[in-house]
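Peer 1: Got a predicted model here, sequence first, then my questions.
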Amino acid sequence: MLKNIEVTQDLLDYVYDHSYPLHPVQKDILNHNKTLGDIQRMQISETQGHFLQLIIKLYKVVNCLEIGTFTGFSALTMALALPDKGKIITLDHDVKISEVAKTFFKKANLENKINTEIASALETLKIFSKNRRTFDLIFVDADKGNYINYFDLSLNLIKKNGLIIFDNVLWHGDVVKKSINDKQTQIMREFNKYIKNDRRTEKTILALGDGLTICRKL
Ligand SMILES: C[S@@+](CC[C@H](N)C(=O)[O-])C[C@H]1O[C@@H](n2cnc3c(N)ncnc32)[C@H](O)[C@@H]1O
């Protein structure tokens, strides 16, 4: 059987040290998040950030949508990889946290490239759908109970061949633990099953960070 290596913190630090250097404001956000205690885990990992940047560059993404801004690490990371004409809309219903993200976007001189919308993601996706908005990449990292809704609505917004990417799909590894059956774990299992059976996209799960599902619209 093929064996995967165990990714220890030392190994992760080595990976970070030998990957894209971080922008100073990315470092600022990481340092800020470290002061937040447990909710720091909401932020995507650096390896996930590097992966999103690579995908954006390879796929020549111009229009990007993010669901779940938090303090802005993923939005800023993606914006840094976009071309000059590229734009990202990032959605969050939390006013306070969005204001924190906006200060970092401004500090990085990226407030023209990043549009921070403070709104319910579900309602906004419905409005975008009505207005026939389209995106090359949609990154979903918000309330897991709506992941299936976000997927179905995103299919109206994503261009053919575009990517819809979901975070936390391995849910700390709990999705395979038979003894763990709490609501959030069950929600994530249901979502993974739904995506597996979907015929409108081609998909794969990457065991990066907390697990990323990449769906390509056929
Ligand atoms: C996991 S965090 C996002 C982390 C961010 N992508 C990063 O890497 O820093 C999830 C965010 O989604 C927001 N959120 C949760 N449910 C939402 C909803 N229904 N509509 C809009 N935002 C929502 C929360 O306020 C929170 O800031």
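Peer 2: That came in fine, so what should we check first? Predicted model, so just to flag it, every value in this text is computed and none were measured. Numbers count the residues shown, from 1 in each chain.

Peer 1: Quick check: which element contains the most centrally placed residue in the chain?
Peer 2: Of all residues in the chain, the one closest to the mean position by CA atoms, centre = their mean is residue 139, 4.2 Å from it. Secondary-structure assignment from DSSP states H and E places residue 139 in strand 135-140.

Peer 1: for the ligand, what are the nearby residues on the chain?
Peer 2: 42-44, 68-71, 73-74, 91-94, 97, 120-122, 141-143 (CB under 6 Å from any ligand atom). Yep, even glycine has a C-beta here, placed from its N, CA and C like the rest.

Peer 1: Neighbouring strands - and their directions - for the strand holding residue 139?
Peer 2: strand 63-67 (parallel), strand 158-167 (parallel) (DSSP bridges).

Peer 1: Quick one: closest of those to residue 187.
Peer 2: Across the strands paired with strand 135-140, residue 187 has its closest neighbour in strand 158-167 (12.1 Å, CB to CB).

Peer 1: Other residues contacting the closest one?
Peer 2: 44, 48, 52, 55, 59, 68, 134-141, 147, 150-151, 154-155, 191, 195, 201, 209-218 (CB atoms under 8 Å, 6 or more residues apart in numbering).

Peer 1: List the buried residues for the helix or strand of the chain with the lowest mean pLDDT?
Peer 2: Across the helices and strands of the chain, mean confidence by mean pLDDT, DSSP states H and E is lowest for helix 9-17: a mean of 91. For helix 9-17, burial by neighbour count (16 or more other CB atoms under 10 Å) applies to residue 16.

Peer 1: CA atoms only: put that helix into PDB for me.
Peer 2: This file holds the C-alpha atoms of helix 9-17, laid out as PDB (Å, rounded to 0.1, in the frame of the first residue of the first chain):
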ATOM      1  CA  GLN A   9       4.600  21.100  12.200                       C
ATOM      2  CA  ASP A  10       8.300  21.000  11.500                       C
ATOM      3  CA  LEU A  11       7.700  19.700   8.000                       C
ATOM      4  CA  LEU A  12       5.000  22.300   7.400                       C
ATOM      5  CA  ASP A  13       7.400  25.000   8.500                       C
ATOM      6  CA  TYR A  14      10.000  23.600   6.100                       C
ATOM      7  CA  VAL A  15       7.300  23.700   3.300                       C
ATOM      8  CA  TYR A  16       6.500  27.300   4.100                       C
ATOM      9  CA  ASP A  17      10.200  28.200   4.100                       C
END
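
Peer 1: Any figure for the gap between residue 126 and residue 68?
Peer 2: 17 Å (CB to CB, to the nearest Å).

Peer 1: let me redo that: residue 18
Peer 2: 28 Å.

Peer 1: In terms of neighbours, single out the busier of the two.
Peer 2: Between residue 18 and residue 68, counted using other CB atoms under 10 Å, residue 68 has the larger neighbour count: 23 against 7.

Peer 1: give me the number of residues near residue 137?
Peer 2: By other CB under 10 Å, the residues close to residue 137 number 24.

Peer 1: Please name the residues that touch it.
Peer 2: Counting by CB under 8 Å, 6+ apart, residue 137 touches 55-56, 59, 61, 63-65, 78, 158, 162-165.

Peer 1: Could you pick out the buried ones from those?
Peer 2: Neighbour-count burial within the contacts of residue 137 applies to 55, 56, 61, 63, 64, 65, 78, 158, 162, 163, 164, 165; the criterion is 16+ other CB under 10 Å.

Peer 1: out of these, who's nearest residue 29?
Peer 2: Within those, the smallest distance to residue 29 is 12.8 Å, found for residue 78 (CB to CB).
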